[in-house]
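Trainee: Sequence first, then the predicted structure, then my questions.
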Amino acid sequence: MDDVFMQGLSQNFLRILDDEEYYDIVIEVGDEMFRAHMVILNYRSTSLRRILSKNKKKSDENLVHIKLPNILPGIFKIILKYIYGGKLSFEDYDTSDIVKILVAAGELNLHELIAYLQTFLIETKANWMEQNFNLIYKTSFEHGPFLELQEYCNDLISRIPDKIFELLDPSSAPEKLVISLVQSNNLQMSEIQVWKNVLKWGLAQNPELPTDPATFSKDDFNILKNTLQQLIPFIKIDRLTSKEFWDNIVPYKEILPDELYMNLLKGFLNLHPDSRLNHKSKPCMTKKTVTFSLPSPSTPCYSGPSTFKVNSQEQNINKVKEVTDPLSTRIQLLPKNQNCNEEKASSNKPNELNHIRGRGFKQDITPKLFDSQFIEDVNIQDGTILAPQAKFEKTWKLSNNGRFPWPDETVLRCIDGDRMFEFNITPRIRIGSVEVGKSVDISVALQAPSDHGKHVSYWKLSDGTDNQFGSKVWCDIMVKDAD
């Protein structure tokens, strides 16, 4: 019976939308005008409520006039019917239109619709989203707090990076996506294919560049070098064959750091065309003992001098053995009391360095240093009802599930959504260092907005250089007067 009444109510409100007598606002979207009613818009969209609060009707005017420049007229017509009637059917829309509706819903902070559309796309349009991964990735990370789609994209990057790479549109793929693919532990693509795909992406970002590197000017090389500077450190050029190096890398040598290129050149110079620098090491034989320090794990490194020093207390190292190979040399850091015949540590452990003849040391590190995982809302659960301008404290429990302790400069800061703090300065909550595997309760003093309705603010951790990391958390409240 309730559904019957709701259907009637929905139809009545849709008729109000078509009414030509009682509307009190005109919304300009593109080159089209839409009539509406401020009281309905005010309670259905927090974004429209903010716009309306800044566009009060003047005493000598009959109508309020606002503009929504970021939404297409056809999409806004669909959204407006949802706002009034609470209904939305996807039978008549292409999937690309549904994505546009999602973006518009994000623009207007229609949280209920945002959640529904994300679930609908993930559960019913998975194949389409794989084929159009560029669009979905950019939509989820650049157009709104679409957390479910972000998790979906990250899962695909983790599970099928090769397929995503093959489907990538290099002209529109964001740099962050390409870096994630290159870094994926599950990427099975050969290193030369990784190089070619990264190069293809870099050239697509600069369509004015010639297709033949032999015709590049110095400025052309500098443009491409600047475009690829964040990606090149993660390409394992030392795993190429000598022929692959001469045919594919040397023509673009100007985009590589000088020291890296010279060290690679020395290594590849006398190799057979089908040989590689990075051969598996033969049984180890002690040659000499050296001491050296690990480079900082914060950035990938290319090379270093032949002699280093190490803080043995930090690294727990008292023995270094060198393995000799006709084409390459691997230096392995061994824990105390481990002899030469014991199984070598995995190459992804932080205490192993690779040494390539003539190239220096390269540490195998994961560039994603810091991470966090949301555990629970300690208080103020989603949907908690608060009075207008009520002051409250929100607490989240997060854990460090990364590979390194959080830096001392770690803070929590608001990154998006509704404003829930009293002053104009966005708060930065000092967290400090948290060890790997440990959890911490993070509290922030907030104030409910004065406007009635649903409000959500989004928060994330960042390091001392304002690089965000870890799970996004949010405060989701409903503001209404006490009964």
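Mentor: All right, it came through fine. Residues are numbered from 1 along each chain as shown.

Trainee: Show me which parts of the longest strand anywhere in the chain are buried, residue by residue.
Mentor: When every strand of the chain is counted residue by residue (DSSP state E), the longest turns out to be strand 468-479. Going by neighbour count (16 or more other C-beta atoms under 10 Å), the buried part of strand 468-479 is 469-477, 479. (Each C-beta comes from the backbone N, C-alpha and C, glycine too.)

Trainee: For it, name the packing helices and strands.
Mentor: With contacts defined as 3 or more C-beta pairs under 8 Å, 6 or more residues apart in numbering; DSSP states H and E, strand 468-479 has these neighbours: strand 373-377, strand 384-386, strand 391-399, strand 411-417, strand 453-462.

Trainee: what are the pairing partners of the longest one, and which direction each?
Mentor: Looking back up the chat, that one is strand 453-462. Its sheet considered, strand 453-462 pairs with strand 411-417 (antiparallel), strand 468-479 (antiparallel) by DSSP bridges.

Trainee: Would you point to the one among the helices and strands packed on strand 468-479 that's packed deepest?
Mentor: Ranked by mean neighbour count, these are led by strand 453-462 with a mean of 20 (mean count of other C-beta atoms under 10 Å).

Trainee: Hey, what's the angle from that strand to strand 391-399? Just curious.
Mentor: Comparing the axes of strand 453-462 and strand 391-399 via axes from the mean of the first three to the mean of the last three C-alpha atoms, to 10 degrees yields an angle of 40 degrees.

Trainee: Of the buried residues of strand 468-479, which one scores lowest on pLDDT?
Mentor: Among the buried residues of strand 468-479, S471 carries the lowest pLDDT, at 84.

Trainee: I figured that one hits E376, correct?
Mentor: No - here S471 lies out of contact with E376, judged by C-beta atoms under 8 Å, at a distance of 11.8 Å.

Trainee: Hmm, L72 is touching V99, no?
Mentor: No - with contact defined as C-beta under 8 Å, L72 does not count as touching V99 (11.9 Å).

Trainee: which one of the two has more residues nearby?
Mentor: Ranked by neighbour count (other C-beta atoms under 10 Å), L72 and V99 place V99 first, with 23 against 17.

Trainee: residues contacting that one?
Mentor: 121, 135-136, 139 (C-beta atoms under 8 Å, 6 or more residues apart in numbering).

Trainee: How about D377?
Mentor: With contact taken as C-beta under 8 Å, 6+ apart, D377 is in contact with 394-397.

Trainee: Same question for Y116.
Mentor: L88.

Trainee: Please give the element, helix or strand, for it.
Mentor: helix 111-124 (DSSP states H and E).

Trainee: Now do that helix against strand 453-462, angle only.
Mentor: Orientation note: helix 111-124 sits at an angle of 60 degrees relative to strand 453-462 (the same axes, to 10 degrees).

Trainee: Buried residues, the helix or strand just after helix 111-124. List them.
Mentor: Under the assignment DSSP H and E, the closest C-terminal helix or strand after helix 111-124 is helix 126-131. Neighbour counts using 16+ other C-beta under 10 Å place 128-129 of helix 126-131 among the buried residues.

Trainee: Give me the contacts around helix 126-131.
Mentor: For helix 126-131, contacts defined as C-beta under 8 Å, 6+ apart pick out 95, 121-122, 136, 152, 156, 160, 163-164, 167.

Trainee: Select only the buried ones of these in PyMOL?
Mentor: For anyone working in PyMOL, the buried entries among the contacts of helix 126-131, judged by 16+ other C-beta under 10 Å, can be selected with:
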select buried, resi 95+121+122+136+152+156+160+164
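
Trainee: Let me know the closest of the contacts of helix 126-131 to I429.
Mentor: Sorting the contacts of helix 126-131 by distance to I429 puts Y152 at the head of the list, at 29.0 Å, by C-beta to C-beta.

Trainee: what sits against the closest one?
Mentor: Each residue near Y152 by C-beta under 8 Å, 6+ apart is listed here: 122, 129, 136, 140.

Trainee: and the gap between the third one and N154?
Mentor: From I136 over to N154 the distance is 12 Å, taken as C-beta to C-beta, to the nearest Å.
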